[in-house]
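S.K.: give me a 3D structure for the following:
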Amino acid sequence: MGIRDFVRSLRPGDDRALAAEQYAGRESASDRAARLRRERHRSKCAQRAARQGQTWEDKDRAKDRKGCQRITY
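M.R.: Numbering: from 1, shown residues only. Here you go, the predicted structure:
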């Protein structure tokens, strides 16, 4: 940011135009935070589902190893 940009930023009423020029093509901080939140949520959900699936698989294999048990009512 040069001295001209600094002086220009002090003028009232030109904030949107200045931001549009200066930060064009860049991701805003709020957009970045939202994207990171979504990515973390997806990865945590995938990890949780994988853990639950593995737990189920382990229990199912343990049942298979025990063999057929007699069912009583």
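S.K.: for Met1, give me the pLDDT.
M.R.: pLDDT, Met1: 60.
S.K.: all helices for this structure, in order.
M.R.: With DSSP state H as the criterion, the chain has helices at 3-10, 15-22, 29-66.
S.K.: ok, Ser9 - how many residues close by?
M.R.: By other CB atoms under 10 Å, 13 other residues sit near Ser9. The C-beta positions use only the backbone N, C-alpha and C, and glycine is treated the same way.
S.K.: roughly how far apart are it and Ala24?
M.R.: Distance, Ser9 to Ala24, using CB to CB, to the nearest Å: 16 Å.
S.K.: where's Arg4 relative to Arg11, distance?
M.R.: 11 Å.
S.K.: let me redo that: Arg42
M.R.: 43 Å.
S.K.: where does pLDDT dip in this protein?
M.R.: For the chain, residues meeting the criterion pLDDT under 70 lie at 1, 68-73.
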